[in-house]
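S.K.: Predicted structure and sequence below. I'll ask about it afterward.
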Amino acid sequence: MSEKPMIELKGASKSYNGAPAVDGLSLRIAAGAFCVLVGPSGCGKSTVLRMINAMIAPDAGAVELRGRSVASFDPTALRRSIGYVIQSVGLFPHWTVAANIAAVPRLLGWDEKRIAARVAEIAGSLQVDPVLLTRYPRELSGGQQQRVGVARALAADPDILLMDEPFAALDPLSRAALQNELRRLHAASGRTIVFVTHDMNEALRLASQIVVMNAGRIVEAGDPAAILLRPRSDFVRGFLGGEDLPLKLLDRRAVAEIARPFAARVVSDPLPLAERAGGAARPSAERAAHDAPPSAQTPGAAAPRVARTSDASTRSFAERAGDDARPRAESTGAILRPSTEPPPDGGAMRIAATATLRQALALMLEHRCARLLVVNASGEITGEIDINDIVARHDLA
């Protein structure tokens, strides 16, 4: 590699009372990467973050940021130039939400007008309700507090963001919503993120680079899909989920990537999985009747139903998250699901183009259908996906 990485650890080691926390670790993280450190508790993930942020110094080896040794920086100035988010959030309890978000810009000497504009901008970007800006941390839910913690870390617009299990204590829906927001922010900003988790599903959902650690060392690092397809050891395979690896691959692909174009046409009810599985055995006449255009159907037969481009009976999965999630129609991974009432037109189930193939498969299995209509953020049908599309292409990284 000729290009200098944004972050590089060169044989870095750190011990406590003679016990190694990090042991000769070498790692390069490119500018704009979303690097996730994953591994069992006590494997050294958080220690790596602290060395990057100069909170602790390595006993041996070196840590470099932007091509410069961390040891050459003023520690305070360095930390103010890097965003840091921790699991316990760490908001100042006696400060309002707005004051918490403004903490680093104020330390950097920004004028109050600039600070106010930035607080409003980053709060809006992370969907922190303006009503909350005058409240105190104790008046917020866990998900709201964590949003504020992320907003504070991003307030001074750092090019590096360190996150130490930031979503571990949240309920599943709030956690998923914040993961979606983080993916969107990363894609929009291109900043370098180093994220620590012990949750492999979270790592696969977020990472462009995964580093699997054990006992203070890297056991495997690289592209998430490549690691899933070809784990180098039984430890990595087991930590990734073993027999679930094919399903985890589906989490890496969006529905939009393999959806087929949809031309405006009449569609019939979704094919039950049982019928699709036994499709070869279905009588030809029955299949023809099922798929026949209106002009070819038997006179007097019930007319097939037309799939509509909007349907009040469908809603996004993220909308179940409540106030903590603050869903957006375009949130990455949003999945459109039917309500308990059947669609008034009896049309095929719909799924957001940004949903994962695993979500698409789950929806098919849940509702025993083999075809889904793909819709954009406005609810317009843009394509369709069939269960055979998923089965045939799940192994393509």
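M.R.: Alright, I've got the coordinates. Everything numeric here is computed off the predicted structure, so don't read it as measured data.

S.K.: Okay, and residue 10 sits in which element?
M.R.: Element membership for residue 10 (DSSP states H and E) is strand 7-16.

S.K.: what about that strand, distance to the chain center?
M.R.: 28 Å (C-alpha atoms, centre = their mean, to the nearest Å).

S.K.: C-terminal to it, what's the next element?
M.R.: Sequence-wise, the next helix or strand downstream of strand 7-16 (DSSP H and E) is strand 19-29.

S.K.: What pairs with that next one, parallel or antiparallel?
M.R.: Strand pairing for strand 19-29, using DSSP bridges, gives strand 7-16 (antiparallel).

S.K.: Now do the closest residue to residue 86 other than its chain neighbours: how many residues are near it, please.
M.R.: Distances taken as C-beta to C-beta, 6 or more residues apart in numbering place residue 164 nearest to residue 86, at 4.9 Å, with adjacent residues excluded. In this view, the C-beta of every residue, glycine as well, is placed from N, C-alpha and C. Residue 164 has 21 neighbouring residues, counting by other C-beta atoms under 10 Å.

S.K.: coming back round to it: just the CA coordinates for the strand holding residue 10, please, in PDB.
M.R.: Listed next in PDB are the C-alpha coordinates belonging to strand 7-16 (Å, rounded to 0.1, in the frame of the first residue of the first chain):
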ATOM      1  CA  ILE A   7      -4.800   5.300  11.400                       C
ATOM      2  CA  GLU A   8      -2.000   2.900  11.700                       C
ATOM      3  CA  LEU A   9      -0.800   0.700  14.600                       C
ATOM      4  CA  LYS A  10       2.700  -0.700  14.300                       C
ATOM      5  CA  GLY A  11       3.400  -3.700  16.600                       C
ATOM      6  CA  ALA A  12       1.500  -1.900  19.400                       C
ATOM      7  CA  SER A  13       1.500  -3.700  22.800                       C
ATOM      8  CA  LYS A  14       0.000  -2.800  26.100                       C
ATOM      9  CA  SER A  15       0.100  -4.800  29.400                       C
ATOM     10  CA  TYR A  16      -1.500  -4.300  32.800                       C
END
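
S.K.: circling back to that earlier point, the residue nearest to residue 86 bridge partners, please.
M.R.: Here residue 164, judged by DSSP bridges, has bridge partners residue 86, residue 196.

S.K.: Could you check how far it is from residue 97?
M.R.: 21 Å (C-beta to C-beta, to the nearest Å).

S.K.: same deal with residue 48?
M.R.: 30 Å.

S.K.: Check residue 221 too.
M.R.: 37 Å.

S.K.: Can you pick out the residue with more neighbours from the two?
M.R.: Neighbours per residue (other C-beta under 10 Å) separate residue 221 from residue 97, with residue 97 holding more: 28 against 17.

S.K.: residue contacts, that one?
M.R.: 91, 128, 132-137, 140, 148 (C-beta atoms under 8 Å, 6 or more residues apart in numbering).
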